[in-house]
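# please work out how this folds:
(one chain, ligands or ions: 2)
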Amino acid sequence: MNVFEIEQLKKIPKVELHVHIEGTLEPDLLLKLAERNGVSLPYNDLESVREVFRFQDLQGFLNVYYSASKCLQKEQDFYDLTLAYLRKCKEENIVYTEIFFDPQTHIARGIALEEVMAGIFAARSEAEARFGVRSQVIPCFERDRPVGDSLPLLKTMERIGGIVGIGLDSAERDNPPSIFNETFAYARSIGLHCVAHAGEEGPPEYIAEALDILAVERIDHGVRAMESTALMQRLQVEQTPLTVCPFSNVALGVFEDLACHNVGKLLEAGLKVTINSDDPAYFGGYLTANIVDTWNALGLSLEQVIQVQRNAIDATFIDAAEKYRMHRALEESLFV
Ligand SMILES: Nc1ncnc2[nH]cnc12
Ligand SMILES: [Zn+2]
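Numbering: from 1, shown residues only. Ligands and ions are numbered 1, 2, ... in the order given. Predicted structure coming up:
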């Protein structure tokens, strides 16, 4: 990718579909919140935070990520965190984003769900009014917590309102999607969209389970689909969106480096691939950096980059008229 293409990429309106709000907690805000809330951390300056932000695998990362999340305690903290991410979206020309959050990690620490959600929702409204960045919110169930907790929690969130769908995240190995079938069936029955992390560290069978049993509309990550020819064919025929996160996969050892990442092969196989940042504060960069560095490493074309953005618009949970407007804005941006 040459310089002209990078400049062009910055200008095109972009969409992000896989970002955990807790994963946007930058070291400076983390330290500020720790002080504000009197939380003691095993690191207390930027340098030692950066030392800790090196991971072997998903579980190693999750340990640090959940421990840092302890600094998020009040509505104001969730507001500050979310607004900082949405401000970043404005800088990067990300016009629309679907944001994950992990309710269980906060509830388990005694934080009221209403506070968490009120902070996130207030920042959403503020960012839409001030920056023109639109967003929707998707809580994820943590698959390594008791499955029986998930349906009552979903019913509480239904009462609070304001979510567009549900997801499934956290430690994937030995935690298959299928056991969440009752919760996902209930979510679908009340008109919520469903997504799930699958095929990140877990086997391709988990992707098939998420599709067959949870009836998810998108697969988060999904990179291990390549281990199954039948699954690759299915994903191509059904055009199920994959929200691939290259920096995350390298940081967590799913691929050795970006040059080894299979996202180019997934695209060439005709799958509906999107590119996303996952936990940008931990993995070295936001959406634009993920796209630019991946394409440099893999030597793919500008046309493929643009196709990824078209795919992301198609994969959003917004209505058809809105999708049409986004597609037009994207195509128009290519001619200026
Ligand atoms: N990459 C990831 N996989 C699973 N759960 C997560 N929670 C935050 N980031 C995650
Ligand atoms: Zn994720």
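# how about the helix or strand where residue 295 lies, does it get close to ligand 1?
Assigned by DSSP states H and E, residue 295 belongs to helix 287-298. No - Helix 287-298 does not reach ligand 1 (C-beta under 6 Å from any ligand atom); its nearest approach is 13.0 Å. Heads up, the C-betas are built off the backbone N, CA and C, glycines and all.
# one more: stretch 188-204?
Yes - Stretch 188-204 reaches ligand 1 (C-beta under 6 Å from any ligand atom) through 197, 200.
# list the buried residues for that stretch?
For stretch 188-204, a neighbour-count test (16 or more other C-beta atoms under 10 Å) marks 188, 192-204 as buried.
# let's see it as PDB, backbone CA atoms only.
Output in PDB follows, covering the C-alpha atoms of stretch 188-204 (Å, rounded to 0.1, in the frame of the first residue of the first chain):
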ATOM      1  CA  ARG A 188     -33.900 -13.900  19.300                       C
ATOM      2  CA  SER A 189     -37.500 -14.200  20.600                       C
ATOM      3  CA  ILE A 190     -37.400 -10.600  21.800                       C
ATOM      4  CA  GLY A 191     -35.900  -9.300  18.600                       C
ATOM      5  CA  LEU A 192     -32.300  -9.000  19.600                       C
ATOM      6  CA  HIS A 193     -29.400  -9.800  17.100                       C
ATOM      7  CA  CYS A 194     -27.000 -12.500  18.100                       C
ATOM      8  CA  VAL A 195     -23.200 -12.800  17.600                       C
ATOM      9  CA  ALA A 196     -20.600 -15.000  19.200                       C
ATOM     10  CA  HIS A 197     -16.800 -15.200  19.400                       C
ATOM     11  CA  ALA A 198     -15.900 -18.500  17.800                       C
ATOM     12  CA  GLY A 199     -12.900 -20.000  16.100                       C
ATOM     13  CA  GLU A 200     -10.400 -17.600  17.700                       C
ATOM     14  CA  GLU A 201      -8.600 -20.100  19.900                       C
ATOM     15  CA  GLY A 202     -11.400 -22.700  19.700                       C
ATOM     16  CA  PRO A 203     -11.900 -25.200  17.000                       C
ATOM     17  CA  PRO A 204     -13.900 -24.800  13.800                       C
END
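# so what's the gap between it and the chain middle?
Stretch 188-204 has its C-alpha centroid displaced from the chain centroid by 12 Å (C-alpha atoms, centre = their mean, to the nearest Å).
# and the average pLDDT for stretch 170-187 is what?
Mean per-residue pLDDT for stretch 170-187: 98.
# now the residue in the chain that ligand 1 sits nearest to: how far from residue 336?
The chain approaches ligand 1 most closely through residue 169 (3.5 Å), counting by C-beta to the nearest ligand atom. Here the criterion is C-beta to C-beta, to the nearest Å. By it, residue 169 lies 38 Å from residue 336.
# cool, and residue 56?
Residue 56 is 44 Å from residue 336, by C-beta to C-beta.
# for residue 258, same thing?
For residue 258, the distance to residue 336 - C-beta to C-beta - is 29 Å.
# these two: which has the busier surroundings?
More crowded of residue 258 and residue 336, by other C-beta atoms under 10 Å: residue 258, with 18 against 7.
# quick one, grab the pLDDT at the closest residue to the more buried one other than its chain neighbours.
Closest residue to residue 258 apart from its sequence neighbours, by C-beta to C-beta, 6 or more residues apart in numbering: residue 297 at 3.6 Å. With respect to pLDDT, residue 297 scores 95.
# before we move on, what about the one 3 residues further on?
In this prediction, residue 300 carries a pLDDT score of 87.
# re earlier: the residue nearest to residue 258: neighbour count?
Using other C-beta under 10 Å, residue 297 has 18 other residues around it.
# check whether it really touches residue 255, as I assumed.
No - contact criterion C-beta atoms under 8 Å: residue 297 and residue 255 do not qualify, at 10.2 Å.
# okay, and the common contacts of these two?
The contact sets of residue 297 and residue 255 overlap at residue 261 (C-beta atoms under 8 Å, 6 or more residues apart in numbering).
# just checking, what packs against the helix holding residue 295?
helix 3-11, strand 14-20, helix 246-251, helix 263-268, strand 273-275, helix 302-315 (3 or more C-beta pairs under 8 Å, 6 or more residues apart in numbering; DSSP states H and E).
# up against ligand 1, what does this structure have?
With C-beta under 6 Å from any ligand atom as the criterion, the chain meets ligand 1 at residues 20, 23, 58, 65, 169, 170, 197, 200, 248, 278, 279.
# quick one: which of those residues sit in strands?
With strands taken from DSSP state E, the overlap with the residues of the chain next to ligand 1 comprises 20, 169, 197.
# make JSON lines out of those and add distance to residue 181.
Formatted as JSON lines, these follow (distance: C-beta to C-beta, whole Å):
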{"residue": "20", "distance to residue 181": "23"}
{"residue": "169", "distance to residue 181": "17"}
{"residue": "197", "distance to residue 181": "16"}
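# and which of the residues you listed is nearest residue 288?
Ranked by distance to residue 288 (C-beta to C-beta), these are led by residue 20 at 18.1 Å.
# isn't the closest one up against residue 277?
No - between residue 20 and residue 277 there is no contact under C-beta under 8 Å: 9.4 Å.
# overlap in contacts of the two?
Between them, residue 20 and residue 277 share no contacting residue, judged by C-beta under 8 Å, 6+ apart.
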